[in-house]
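# Build me a model:
(chains A, B, C, D and E)
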Amino acid sequence: MFKHYLPVDVPKEKEGAFLENFEKTTGGSGRLMLFAGDQKVEHLNNDFYGEGIPAEDNDPEHMFKIASQAKVGVFATQFGLICRYGRDYRDIPYLVKLNAKTNLVPYTDKDPYSQQWLEVADVVALKERHGLDVRGVGYTVYIGGEHEHAMFREAARIIHEAHEHGMLAVIWLYPKGPYVKDEHDPHLIAGAAGVAACLGADFVKLKVPYVNGRFDPTLLREATTAAGRTGVLCEGGARVDETAFLAQLHEQIHIGGSRGNGTGRNIHQRPLEEAVRMANAIYAVTCENASVDEALAVLRG
Amino acid sequence: MFKHYLPVDVPKEKEGAFLENFEKTTGGSGRLMLFAGDQKVEHLNNDFYGEGIPAEDNDPEHMFKIASQAKVGVFATQFGLICRYGRDYRDIPYLVKLNAKTNLVPYTDKDPYSQQWLEVADVVALKERHGLDVRGVGYTVYIGGEHEHAMFREAARIIHEAHEHGMLAVIWLYPKGPYVKDEHDPHLIAGAAGVAACLGADFVKLKVPYVNGRFDPTLLREATTAAGRTGVLCEGGARVDETAFLAQLHEQIHIGGSRGNGTGRNIHQRPLEEAVRMANAIYAVTCENASVDEALAVLRG
Amino acid sequence: MFKHYLPVDVPKEKEGAFLENFEKTTGGSGRLMLFAGDQKVEHLNNDFYGEGIPAEDNDPEHMFKIASQAKVGVFATQFGLICRYGRDYRDIPYLVKLNAKTNLVPYTDKDPYSQQWLEVADVVALKERHGLDVRGVGYTVYIGGEHEHAMFREAARIIHEAHEHGMLAVIWLYPKGPYVKDEHDPHLIAGAAGVAACLGADFVKLKVPYVNGRFDPTLLREATTAAGRTGVLCEGGARVDETAFLAQLHEQIHIGGSRGNGTGRNIHQRPLEEAVRMANAIYAVTCENASVDEALAVLRG
Amino acid sequence: MFKHYLPVDVPKEKEGAFLENFEKTTGGSGRLMLFAGDQKVEHLNNDFYGEGIPAEDNDPEHMFKIASQAKVGVFATQFGLICRYGRDYRDIPYLVKLNAKTNLVPYTDKDPYSQQWLEVADVVALKERHGLDVRGVGYTVYIGGEHEHAMFREAARIIHEAHEHGMLAVIWLYPKGPYVKDEHDPHLIAGAAGVAACLGADFVKLKVPYVNGRFDPTLLREATTAAGRTGVLCEGGARVDETAFLAQLHEQIHIGGSRGNGTGRNIHQRPLEEAVRMANAIYAVTCENASVDEALAVLRG
Amino acid sequence: MFKHYLPVDVPKEKEGAFLENFEKTTGGSGRLMLFAGDQKVEHLNNDFYGEGIPAEDNDPEHMFKIASQAKVGVFATQFGLICRYGRDYRDIPYLVKLNAKTNLVPYTDKDPYSQQWLEVADVVALKERHGLDVRGVGYTVYIGGEHEHAMFREAARIIHEAHEHGMLAVIWLYPKGPYVKDEHDPHLIAGAAGVAACLGADFVKLKVPYVNGRFDPTLLREATTAAGRTGVLCEGGARVDETAFLAQLHEQIHIGGSRGNGTGRNIHQRPLEEAVRMANAIYAVTCENASVDEALAVLRG
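Here you go, the predicted structure:
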């Protein structure tokens, strides 16, 4: 099962581990529900404190509680944060996001460089030496700026090293900078998808394509085809209405051909129990072939 | 005790050492009194010579005398300075500050980069081979500039390597540069706190939050919550009135939720005996649950 | 056979492997038909989706299908993409392109830097450990900009390391940037050819020389002579009429002295079966001494 | 003797070697007479050829002759120059200056970066493998510019590595660049002294402090105190009248608290025999507690 | 013989090899005739194709033919080019030029950086593993620009590593950039000579000094003295009249004190047989103490 998603740089002795990891992480669906918890660096405290956000979201442990109680493919966050809570949350399926940057400097002023913090070997040790359930690694590449080359090199190495250890590699791939007129352009997003395929990523998280400011699931097809065997994850984005969110997710998968999603705010900006239900609903659509109505039933408990 | 502050990247065989180190360094309180002695690079000779500063403060040994006679959690200064006095002051609890920069170039003109000087392995040798009582390492990260990525990488590595050796890691985390309008903004400081948590720091030294130029301990709560299991240390800053200083420190801890402080000038810009008493007073509030009045009694001998 | 193409840095124990590799890859002709499949990064999705391009070309597997069914010297593409399909296409003769950049930033605005992604040792492992039929490595050097020095160093190392493992090294060598007035200038292209010879490349892919916007095969002779024992490959470029394409290819080789070509769009922008025939026609001219008419017969099946 | 100058990072098995080295190099005085011969890079040929300079000074061997015939603490120059003459001048006490830059680009136009040329391990080999009498290493740090961080890191490593091998480390520490209004400001020089102490240097060569363009030995006290256990060496500067030079040197030591000097031009810009006598006079004041009159007697032979 | 040219960093077990290498390469004269063949990168194809240049010069093998048939001290060119022809030209005495850059970007616009391509260890392997007659390594340093520091570090390492393997190190040393008003200034050239001595080079190739646009051999003496034991090689430059060329060469050596020359265009821009005779004539003046008339007789066969 999923043999066509087994990259050739996974060594023979790790093939079983990779496939088991892939099947378990995608719930047997080949699709990934990624609970994104890396915004404490990317957006500083904006996503965790303020109007409309429950007070408990300000404590980083809130995300660990959700991830440990809900169905998630992986909980993606930084190595250091995992280290602070991991002893009490050993069974969360983790994806270690290996780079991050703050949003203090606008993309329009300086080309972004989000450098790798730690090595894949450190992540492997987290799993093998320290006993956490680590499924893979993540890394963001910004194309279109003067540091593109450095992120390409880091990404290619990270993906290859992850495969050598039988782990999954997920790439966040965003065109940025003054030469990017419209980051929701379907053709540009398809280009980003193809780049991720050339890097060898197992999954790539992309912006959602719009024409005239509106999403239409057919717009996604150019990208999901261009990505080849690399699965496209749609970005969850800012918090929106639940029904609309789940309906769009369903269309992304069943019409657009996406193979999952990466969602943060739409999950963690809720009280614990509600957040767990929302995560379960997203998981149901992504990995359990639930309809929108079935997912809404999950959400409502 | 303090098991929830034991990061998962401390290897099994170092867990006992880390916890013992943590308990001893925090005096069993979980809070850290950090005597900051790294300003000879950061501020050149401004903090050590001039009007209102006793002549003896100009000699770097003044700080070693204070640190050896007073109660301090750690005395934080550069590796090289420790090497010059360490043979005569073996029993000071040291924290080796691994980077530093001068203040000659204003932050408004060029984005700061304070690079790592030596390796964590060198610090470990100071402890294990040369017999000093080294408790941990320190590193400053400036977010918001073009070198943020390099400092993130160095910080993440340093913290992880410190943990691998059972040592504490303290991060100074300051937003800087033209995009930082107000470095005392409580929300920005909470963002910095969250970044330190994602880096995996044991403690983070932050600016003190103000609204309309005034400190109010409740302003600190957003940051101390966002920091999660990373303890927030409030910056001591320029020398102020003792009573006000100790009262504010008490509020930071008991109302604001901080877990310690980093104080330099308010200690070393005094004659030796008085400096020792001031350090003891700060320690009493920080680690011995002293009231402000009790601390003032300590200060007055 | 081809002993004069055996570089002296191929170690004794790899001489047989290099010569066999060279003979097999050039079909005994000493000339190379390179099927270029690296544009998914270089041109994003522009070459794979849009008017006049068959829908199947948008799926990266299209190129693997062509490469596995047609006669090609090598199929050149990125390591990561090979990894995603290699398990199902073990017998394609691969050339791993070790660097790539997107076209988002114009050359006129910033000097290009296309950095090496992975090591030659990783490519060797792809062949020896993972069992793919890897023939060599590729790398692009842009001369004339501020990053020229970095690409020279990477190229020189890659070529030398490839030879140490008995593999071929192909360099794409393009003058770029504000100081390059005309990248089709025959004298400049001859300069580029000489640079590739000094780097020690086995083959170099160059722009086609024009005078007054027109190609004349005699213009190529300065470059093919200046390249010495490094074989010149002419760039295939945008899709053009088949007869013109094959006739020009024939002239490049038999009048201009080129030793092959690198063609992407003129092959993959066709339905599978036609693409296979076009590749075979190009191979016939390049490696089988076919006349233009014979090649057209191949193309027409 | 001199135990208080023994840095703690000198390993136990090298303590004897370090102390013997220190005592021998300072002639038992704790003070260092450094004969500076690194200007062939720093000032190109300006200091060695021209009006008022004897013809023999243009030959680099002139300095080796002086250093071998005079009393000097160390002769400081570049590794490569030592290599060219070392076989014939094995007994000179060398200090290998590990970085250097030319004066072609003014400090006002570009921030200086003087990078490390070779490793401390190479210097150790010069001593242990090649049999020269190498006492230590030297390195220049320019503070106040955008490369400060790189020089701090190199300096800290060099000092630590020198100590690990029982060798002395001397730092040249100069504030430079557009933010430095007056490099002879006593307070700024004291800041530089403190920086060297934090780097862990055994000696630091500084500019001489002036107020209103005039030297007064009491101005030096802020710096010599701030330097702690790091000895301050005063820069010799351009050639001046001998009596004035020796008198100022005496005051620097006995009033200002300096622990030596670094002199080049005032020695080598003389015929050999006179240069030897001048070096001996400087040595007498620095290391033999000679009065100015005694030193003048030495100078006059 | 030539013991005074034996650098102290040549290890004992390599002293014999170094001295034999030195004697053989200088034909027992201590002077070096360097046949410069590195211009295919430095000047692209300008020196090899065009009016007044014989057609055969466009083929890189032309230089190998000359070098194998004429008397040359060393033939200096890039590693990769040597690799392409070395199997057929094993007995040429090679000097591997380790860096190179093109001339596309003018020095007035951007400070040059010519980075090291390969390691000295790779050159050693060429000699010891692959059996070529390699005598040494070469490297160009441009002083006066923002990359000076990087080239100083690479040069110092290369020279030291060459000596460790008993090989010669030749440095091309040119002041460049906006701060260099006149690169033929005798005092500046003497400065460059001194820099090469401080780097430890065995030979340094310099510009020829002019005053008022005219060469006078006495102008060279400042530089040849300042170079100490490093031999000065005068640049051959653009092709000029043979008699003038040989006369000037004779004066450079016998009046100016140079220890050789580096000549490319004046040799290879001739038909093979004539080029061989010209090389022999240059060798006769440089290494065989020939008079100008004797050299002209050699040239005329």
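# need the residues of the stretch 1-150 of chain A near chain C, please.
A:3-4, A:6-9, A:11, A:143-146, A:148-150 (C-beta under 8 Å from any C-beta of the partner chain). Glycine gets a C-beta too; all of them are placed from N, C-alpha and C.
# Revised request: answer the last question for the stretch 151-300 of chain A.
Checking the stretch 151-300 of chain A against chain C by C-beta under 8 Å from any C-beta, the hits are A:152-153, A:156-157, A:159-160, A:163, A:175, A:177, A:179-180, A:187-188, A:190-195, A:197-201, A:222, A:225-226, A:228-230.
# Nearest the middle, which residue of chain A would you pick?
With distances taken as C-alpha atoms, centre = their mean, residue A:262 lies nearest the centre of chain A, 4.1 Å away.
# Pairing partners for the helix or strand containing that residue, with directions?
Taking DSSP states H and E as the criterion, residue A:262 maps to strand A:260-263. Partners of strand A:260-263 in the sheet, by DSSP bridges, are strand A:32-36 (parallel), strand A:231-235 (parallel).
# CA atoms only for that strand - export them in PDB, please.
Listed next in PDB are the C-alpha coordinates belonging to strand A:260-263 (Å, rounded to 0.1, in the frame of the first residue of the first chain):
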ATOM      1  CA  GLY A 260      -4.700  17.200   3.000                       C
ATOM      2  CA  ASN A 261      -4.500  20.500   4.800                       C
ATOM      3  CA  GLY A 262      -2.500  22.400   7.300                       C
ATOM      4  CA  THR A 263      -4.700  24.100   9.900                       C
END
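# re the thing from before, if any of the residues of the stretch 1-150 of chain A next to chain C are buried, put those into a PyMOL selection.
Applying 16 or more other C-beta atoms under 10 Å in any protein chain shown to the residues of the stretch 1-150 of chain A next to chain C leaves a buried subset, and the PyMOL line that selects it is:
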select buried, chain A and resi 6+7+8+9+11+143+144+145+146+148+149+150
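# Of the residues of the stretch 1-150 of chain A next to chain C, which belong to helices?
Among the residues of the stretch 1-150 of chain A next to chain C, the residues falling in helices (DSSP state H) are A:148, A:149, A:150.
# Run through the residues that contact residue A:210.
Contacts for residue A:210 were tallied using C-beta atoms under 8 Å, 6 or more residues apart in numbering or on different chains; they are A:184, A:186, A:219.
# now the strands for the stretch 201-301 of chain A?
A:203-206, A:210-211, A:214-215, A:231-235, A:260-263 (DSSP state E, counting those that start in this stretch).
# Dump those to a markdown table, plus distance to residue E:90.
Converted to a markdown table, those look like this (distance: least, C-beta to C-beta, whole Å):
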| stretch | distance to residue E:90 |
| --- | --- |
| strand A:203-206 | 52 |
| strand A:210-211 | 65 |
| strand A:214-215 | 68 |
| strand A:231-235 | 55 |
| strand A:260-263 | 60 |
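# Lowest average pLDDT across the ones you listed?
Mean pLDDT values for those show the minimum at strand A:214-215, a mean of 88.
# re the thing from before, which residues does the residue nearest to the centre of chain A contact?
By C-beta under 8 Å, 6+ apart, the neighbours of residue A:262 are A:34, A:36, A:76, A:172, A:205, A:233, A:234, A:235, A:236.
# got a list of what the second one touches?
If I follow you right, that is residue A:36. A:76, A:236, A:262, A:263, A:264.
# now with 6 Å?
Neighbour list for residue A:36: A:76, A:262, A:264 [criterion: C-beta atoms under 6 Å, 6 or more residues apart in numbering or on different chains].
# what secondary structure does the first one sit in?
Going by DSSP: H, G, I helix; E, B strand; the rest coil, the secondary structure assigned to residue A:76 is strand.
# does the residue lying closest to it once chain neighbours are set aside sit in a helix, a strand or a coil?
Using C-beta to C-beta, 6 or more residues apart in numbering or on different chains and skipping the chain neighbours, the partner closest in space to residue A:76 is residue A:95 (4.2 Å). Following three-state DSSP, the label given to residue A:95 is strand.
# and the stretch 51-200 of chain A, which residues reach chain B?
A:58-60, A:78, A:80-81, A:83-84, A:86-87, A:102, A:104-105, A:113, A:115, A:117-118, A:130 (C-beta under 6 Å from any C-beta of the partner chain).
# quick one: which of those sit in strands?
residue A:78 (DSSP state E).
# Need the contacts of residue A:36 in CSV (columns: distance to residue A:124).
Shown next, in CSV, are the contacts of residue A:36 (distance: C-beta to C-beta, whole Å):
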residue, distance to residue A:124
A:76, 17
A:262, 23
A:264, 25
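# quick one: which of the residues you listed is nearest residue A:254?
Nearest to residue A:254, judged by C-beta to C-beta, of these is residue A:262 at 18.0 Å.
# ok, now how distant is the closest one from residue C:15?
Distance check for residue A:262 against residue C:15: by C-beta to C-beta, to the nearest Å, it reads 51 Å.
# So which residues of chain A form helices?
Assigned by DSSP H, the helices in chain A fall at A:12-25, A:39-42, A:61-69, A:79-85, A:120-128, A:148-164, A:186-199, A:221-226, A:242-254, A:265-268, A:272-287, A:292-299.
# Pull the contacting residues for the closest residue to chain B within the stretch 51-200 of chain A.
Nearest to chain B in the stretch 51-200 of chain A, going by C-beta to the nearest C-beta, is residue A:80, at a distance of 2.4 Å. Neighbouring residues of residue A:80 by C-beta under 6 Å, 6+ apart: B:198, B:199, B:200.
# 8 Å instead, please
Contacts of residue A:80 by C-beta under 8 Å, 6+ apart are B:156, B:159, B:160, B:197, B:198, B:199, B:200, B:201.
# lowest-confidence helix or strand of chain A?
strand A:214-215 (a mean of 88; mean pLDDT, DSSP states H and E).
# strands paired with it, and their directions?
Strand A:214-215 pairs in its sheet with strand A:210-211 (antiparallel), by DSSP bridges.
# For the partner strand, what is the distance to the chain centroid?
Strand A:210-211 has its C-alpha centroid displaced from the chain centroid by 22 Å (C-alpha atoms, centre = their mean, to the nearest Å).
# Please apply the same query to stretch A:89-100.
On C-alpha atoms, centre = their mean, the centre of stretch A:89-100 falls 11 Å from that of its chain.
# Give the buried residues for that stretch.
For stretch A:89-100, by 16+ other C-beta under 10 Å, it's A:89, A:92, A:93, A:94, A:95, A:96, A:97, A:98, A:99, A:100.
# now do stretch A:263-278
A:263-270, A:272, A:274-278.
# ok, of the ones in helices among the residues of the stretch 1-150 of chain A next to chain C, which one's closest to residue A:214?
Using C-beta to C-beta, those come closest to residue A:214 at residue A:148, 29.5 Å.
# isn't the closest one right up against residue C:101?
Yes. Judged on C-beta atoms under 8 Å, residue A:148 makes contact with residue C:101 at a distance of 6.4 Å.
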